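K.L.:
Provide a 3D model corresponding to the input given below.
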Amino acid sequence: MNCRSVGIFDSGFGGLSILAALHDLVPTESLVYFGDTKRYPYGPKPQEMVRRFSVEISRYLVREFDVKMIVVACNTASAAALSHLREVMDVPVVGVIEAGVRAAKAVSNRQSIGVMGTVGTIASGEYQRRFQGENLSVVYQSCPGLVEFVEKGETYSDQVLVLLRVLLEQFYSAKVDTVLLACTHYPFLSRAISDVLGREVVLVSSAEETAFEVSAMLSEESLECESGYEGSITYVSTGDPGVFADVGSQISAMRIDGVRHVDLEDLC
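P.N.:
Numbers count the residues shown, from 1 in each chain. This is a model prediction of the structure:
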């Protein structure tokens with residue numbers, strides 16, 4: 001049995017949705033959550049830069065915490081760096097894209113799906129490649145500005161609703177019945193998105209599906225921690241640890257304290 005930690009990273013707070021799902025599913029596993037809040041958002045940044053950030057963080061998690069697995073809890077980073085990380089890291093690496101696509105296909109009744117993600121995620125073409133060849137009608141929409149609202153702890157306001165109405169207009173004309181939230185920040189906006197699109201539209205988050213995938217891989221790789229062990233959660237941030245604790249607790253409804261700060265120079 002292997003009770004080393006599972007490392008999870010995101011550009012900021014979005015991956016907390018995966019952290020919570022994974023902690024509920026496998027409470028015996030210790031988790032290290034890394035929020036790169038100093039350099040968020042990843043969405044508008046070039047893919048090569050996001051890939052470099054992802055390698056730096058992954059190597060830091062292995063070096064400092066001896067993690068046994070890395071979860072890329074960010075769609076932009078998954079699109080830009082997942083394949084590369086699987087080549088250069090000596091531990092299993094799990095992304096979020098495959099899980100979300102699987103779930104969206106499973107729940108769509110009319111085979112009409114909308115995918116909303118960051119500029120970087122949509123521009124990468126990763127979701128387009130995974131839906132290619134399927135008998136589906138898929139509409140893709142990049143959503144600049146939403147991550148910044150979540151990172152400020154603003155998940156439901158007049159400004160958020162106005163922006164969503166503009167960004168998601170094409171989903172109306174396409175009459176999508178399912179919307180894939182292709183950014184781990186977006187589940188925190190679920191109430192606002194549902195109010196804009198209507199409650200009949202199903203919102204799919206990859207958080208729970210990713211947690212199931214991680215659990216299955218831990219078993220397949222014989223990396224599970226022994227039953228009866230009580231796992232811990234460690235938080236690390238490149239930004240202000242106090243702000244991370246306050247905003248993270250507010251949007252995730254989890255109690256976050258004792259956040260460790262890491263300087264960007266220490267990631268190199």
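K.L.:
So Q141 belongs to a helix, correct?
P.N.:
No: applying DSSP: H, G, I helix; E, B strand; the rest coil, one finds Q141 to be strand, outside a helix.
K.L.:
Count the residues that sit near it.
P.N.:
18 (other C-beta atoms under 10 Å). In short, each C-beta sits where N, CA and C put it, glycine included.
K.L.:
With just CA atoms, put the lowest-mean-pLDDT helix or strand in the chain into CSV.
P.N.:
Least confident helix or strand, the chain: helix 206-220 with a mean of 90, by mean pLDDT, DSSP states H and E. Extracted in CSV, the C-alpha atoms of helix 206-220 (Å, rounded to 0.1, in the frame of the first residue of the first chain):
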residue,chain,number,x,y,z
SER,A,206,-15.7,16.9,-15.3
ALA,A,207,-14.9,17.0,-11.5
GLU,A,208,-16.7,13.9,-10.4
GLU,A,209,-15.7,11.9,-13.6
THR,A,210,-12.1,12.9,-13.1
ALA,A,211,-12.2,11.8,-9.4
PHE,A,212,-13.5,8.3,-10.5
GLU,A,213,-10.7,8.1,-13.1
VAL,A,214,-8.1,8.9,-10.5
SER,A,215,-9.6,6.3,-8.1
ALA,A,216,-9.5,3.7,-10.8
MET,A,217,-5.9,4.5,-11.8
LEU,A,218,-4.8,4.3,-8.2
SER,A,219,-6.2,0.8,-8.1
GLU,A,220,-4.8,-0.2,-11.5
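K.L.:
Can you name the next helix or strand after it?
P.N.:
Next in sequence after helix 206-220, counting helices and strands by DSSP states H and E, comes strand 233-237.
K.L.:
what mean pLDDT does that following strand have?
P.N.:
Averaging pLDDT along strand 233-237 gives 98.
K.L.:
Quick check, V262 in contact with T238.
P.N.:
Yes: if you go by C-beta atoms under 8 Å, V262 and T238 touch, sitting 5.9 Å apart.
K.L.:
The two: who's more crowded?
P.N.:
For V262 versus T238, neighbours defined as other C-beta under 10 Å are more numerous around T238 (23 against 18).
K.L.:
so V94 bridges to which residues?
P.N.:
When bridges are called by DSSP bridges, V94 pairs up with V71.
K.L.:
And the helices in this protein, which stretches?
P.N.:
Taking DSSP state H, the helices of the chain run over residues 16-25, 47-65, 75-88, 97-107, 119-124, 126-131, 146-151, 158-167, 169-174, 190-197, 206-220, 241-252.
K.L.:
out of those helices, nearest to T234?
P.N.:
helix 47-65 (7.3 Å; C-beta to C-beta).
K.L.:
Can you get me a residue count around S215?
P.N.:
Using other C-beta under 10 Å, S215 has 16 neighbouring residues.
K.L.:
hmm, I was thinking of M89
P.N.:
Per other C-beta under 10 Å, the neighbour tally for M89 reads 18.
K.L.:
same thing with the one 4 residues further on?
P.N.:
V93 is flanked by 22 other residues according to other C-beta under 10 Å.
K.L.:
With the one 4 residues further on instead?
P.N.:
Look at I97: counted by other C-beta under 10 Å, it has 23 neighbours.
K.L.:
Need the contact partners of stretch 243-259.
P.N.:
Here stretch 243-259 makes contact (C-beta atoms under 8 Å, 6 or more residues apart in numbering) with 13, 16-17, 19-20, 35, 37, 150-153, 155, 188, 235-237, 241-242.
K.L.:
out of those residues, which are buried?
P.N.:
Buried members of those, counted by 16 or more other C-beta atoms under 10 Å: 13, 16-17, 19-20, 35, 37, 150-151, 155, 188, 235-237, 241.
K.L.:
In the residues you listed, find the pair that's most separated.
P.N.:
Distance extremes for the buried ones among the contacts of stretch 243-259: the farthest pair is T155 and V236 at 23.2 Å, using C-beta to C-beta.
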